[in-house]
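A.B. asks: could you work out the structure for the sequence below:
(chains A, B, C and D)
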Number of protein chains: 2
Amino acid sequence: MKRPELSVAVDLVVFTVRAHTLEVLLVRRGIQPYRGQWALPGGFVTTQESLEAAARRELAEETGLKGVYIEQLYTWGEPKRDPRGRVVTVAYLALVPAARARVKAGSDAAHAAFQPARQPPRLAFDHAVIVARAVERLGTKAEYSTLPLHLLKEPFTLSEVQEVYEVLLGRDLDKRNFRRKILALDALEETDVMRRDGAHRPARTFRLSASRPYLLKERGILFPF
Amino acid sequence: MKRPELSVAVDLVVFTVRAHTLEVLLVRRGIQPYRGQWALPGGFVTTQESLEAAARRELAEETGLKGVYIEQLYTWGEPKRDPRGRVVTVAYLALVPAARARVKAGSDAAHAAFQPARQPPRLAFDHAVIVARAVERLGTKAEYSTLPLHLLKEPFTLSEVQEVYEVLLGRDLDKRNFRRKILALDALEETDVMRRDGAHRPARTFRLSASRPYLLKERGILFPF
DNA sequence: TCGATATAGTGTCTATTCTACACGAACTGC
DNA sequence: GCAGTTCGTGTAGAATAGACACTATATCGA
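C.D. replies: Numbering: from 1, shown residues only, chains lettered A, B, ... in the order given. Coordinates of the predicted model:
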């Protein structure tokens, strides 16, 4: 059994929801190949770090963010996917609240930006495929889990929760039905701060109830509805 | 950006359902480390083949099977998971009908065998974790998809279908409700051959209807029930 | 050949869940 | 204090889930 050595990379699909749009973090490549094109942030895995650690490191380098939600998405390893040679890439999906979704200070404005995830610009390598799969995965998880809550900064209002679900699912939801269902999951707890912004009635705010995980496989499935 | 070179392997979790038990294919390691211990079949990815091709090659080497259902499960890459050095492994999940689940002729009997997947023997490396995750994934997919049909050889009876679902879900299902639901998916079509085995009424048999994919995300969710 | 035995195949009723739908409440700003 | 805006709430009809038991059809052996 021989052991050919390959390069292993991690790529990050960092999502946020802003202005009723699902956005993904892209960086402009400074080197060949695909120099000047948009691509996912990422980099090679060093010998001593775990895959997830490598992903978090890259995320911190681009955005300065730590402790956000991250999960492994899929691994791509077609022999020709990188013209430089054989590179296997492990893609990770990360969710950041819009309020925290800033490109790291020090990067010039053109270097990195959040852009529409469903109609991204032309991307380097097979990154368009990776983004498409991540979008699909997120949509699927919105159907049965509270994962989308990671796109919000606590405390949040139920209208904000509904907005992220609508964006991920790509359709409008009935307000009363949505609120009934999301509260029935018993995953949210009311805070005592009210959100007042604008000339209208203030909204109650919520945070995750301490006893609940984000993903609910148990009954209490969110959808269909 | 430096490019450390790592070894990339594929490991296979090959499932079958036999005698109301979920079984997984294991091989006895002939070399160090973990020599003599049970492990998942697998091997290193060569420079010219894709990851899935490597997985299919390993599967064929152990079982002689081609064209079975296979999907990528997850990628493990902790720095210390293999004492020989840094090995990133991409695990694949494969489903084979019991009628085809044979270890390749030429392997000695002790070399490879299907064994209970939920209480496997002590496994090499982190393979127990991999098996556990595969079992969980299969159970989850049984809740909303027709993926378990890959565990059956066509044509099959509805009782056989129910059996695999029961094994994957770990609970008994009501016969009438199950048949109503599975048929409502419109994923099965009746054949004209009857299954007669034993001293009782023969059963209709079915195959997958040509127009249907195995996985159904659309409504018509199978469970809860 | 007839009875015992084993699995196949089928329908209904009740409880729960889904879905559609509209208006008063509470605040700001002019 | 009025206009404008978002917040917050209940119900009724439709669809789906879930519990439940008996007849049909074959084989086998007495």
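
A.B. asks: the helices in chain A, which residues?
C.D. replies: In chain A, helices defined by DSSP state H lie at A:51-63, A:127-144, A:158-169, A:175-184, listed in chain order.

A.B. asks: nearest to chain B, out of those?
C.D. replies: helix A:51-63 (4.1 Å; C-beta to the nearest C-beta). Backbone N, C-alpha and C define where each C-beta goes, glycine included.

A.B. asks: can you pull the contacts of residue A:14?
C.D. replies: Taking C-beta atoms under 8 Å, 6 or more residues apart in numbering or on different chains as the criterion, residue A:14 is in contact with A:24, A:25, A:41, A:59, A:62, A:63, A:94, A:95, A:96, A:101.

A.B. asks: my guess is the third one contacts residue A:59. True?
C.D. replies: Yes. Residue A:41 is within contact range of residue A:59, at 7.3 Å (criterion: C-beta atoms under 8 Å).

A.B. asks: got any residues that touch both of the two?
C.D. replies: Contacts common to residue A:41 and residue A:59, judged by C-beta under 8 Å, 6+ apart, are A:12, A:14.

A.B. asks: in TSV, list the helices of chain A along with distance to residue B:202 and mean neighbour count.
C.D. replies: Formatted as TSV, the helices of chain A follow (distance: least, C-beta to C-beta, whole Å; neighbours: other C-beta atoms under 10 Å in any protein chain shown):
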stretch	distance to residue B:202	mean neighbour count
helix A:51-63	52	20
helix A:127-144	39	18
helix A:158-169	46	20
helix A:175-184	46	13
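
A.B. asks: tell me the domain boundaries of chain A?
C.D. replies: Here the domain parsing of chain A from automatic domain parsing is A:7-142, A:145-219.

A.B. asks: quick check: residue A:118 touching residue A:22?
C.D. replies: Yes. Look at residue A:118 against residue A:22 with C-beta under 8 Å: they come within range, at 6.2 Å.

A.B. asks: these two: who's more crowded?
C.D. replies: Taking other C-beta atoms under 10 Å in any protein chain shown, residue A:118 and residue A:22 do not tie; residue A:22 has more neighbours (21 against 13).

A.B. asks: that older thread, residue B:195: which of the domains of chain A is closest?
C.D. replies: When these are compared by C-beta to C-beta, domain A:145-219 sits nearest residue B:195, at 34.8 Å.

A.B. asks: so is that closest one next to DNA strand D?
C.D. replies: Yes. Contact between domain A:145-219 and DNA strand D, assessed by C-beta under 7 Å from any atom of the strand, occurs at A:157-159, A:175-177, A:179-180, A:198-204.

A.B. asks: what's the average pLDDT for that domain?
C.D. replies: Regarding domain A:145-219, the rounded mean pLDDT is 91.

A.B. asks: just to revisit the earlier point, so which of the helices of chain A is nearest residue B:149?
C.D. replies: Nearest of the helices of chain A to residue B:149, taken as C-beta to C-beta: helix A:127-144 at 20.4 Å.

A.B. asks: which strands or helices does that closest one pack on?
C.D. replies: Helices and strands touching helix A:127-144, by 3 or more C-beta pairs under 8 Å, 6 or more residues apart in numbering or on different chains; DSSP states H and E, are strand A:5-18, strand A:21-28, strand A:69-76, strand A:87-95, helix A:158-169.

A.B. asks: from the chain's centre, how far out does it sit?
C.D. replies: Helix A:127-144 sits 9 Å away from the centroid of its parent chain (C-alpha atoms, centre = their mean, to the nearest Å).

A.B. asks: angle of that helix against strand A:21-28?
C.D. replies: Helix A:127-144 and strand A:21-28 are oriented at 150 degrees to each other (axes from the mean of the first three to the mean of the last three C-alpha atoms, to 10 degrees).

A.B. asks: from the contacts of residue A:14, which shows the smallest pLDDT?
C.D. replies: Among the contacts of residue A:14, residue A:101 carries the lowest pLDDT, at 84.

A.B. asks: who's in contact with that one?
C.D. replies: By C-beta under 8 Å, 6+ apart, residue A:101 lies in contact with A:14, A:16, A:18, A:23, A:25, A:63, A:114.

A.B. asks: separate out the buried members of the residues you listed.
C.D. replies: A:14, A:16, A:23, A:25, A:63, A:114 (16 or more other C-beta atoms under 10 Å in any protein chain shown).

A.B. asks: please verify my assumption that residue A:50 contacts residue B:81.
C.D. replies: No. Contact criterion C-beta under 8 Å: residue A:50 and residue B:81 do not qualify, at 9.2 Å.

A.B. asks: if we can go back for a sec, so can I have JSON lines of the helices of chain A showing distance to residue A:212?
C.D. replies: Rendered in JSON lines, the data for these read as follows (distance: least, C-beta to C-beta, whole Å):
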{"stretch": "helix A:51-63", "distance to residue A:212": "23"}
{"stretch": "helix A:127-144", "distance to residue A:212": "15"}
{"stretch": "helix A:158-169", "distance to residue A:212": "14"}
{"stretch": "helix A:175-184", "distance to residue A:212": "12"}
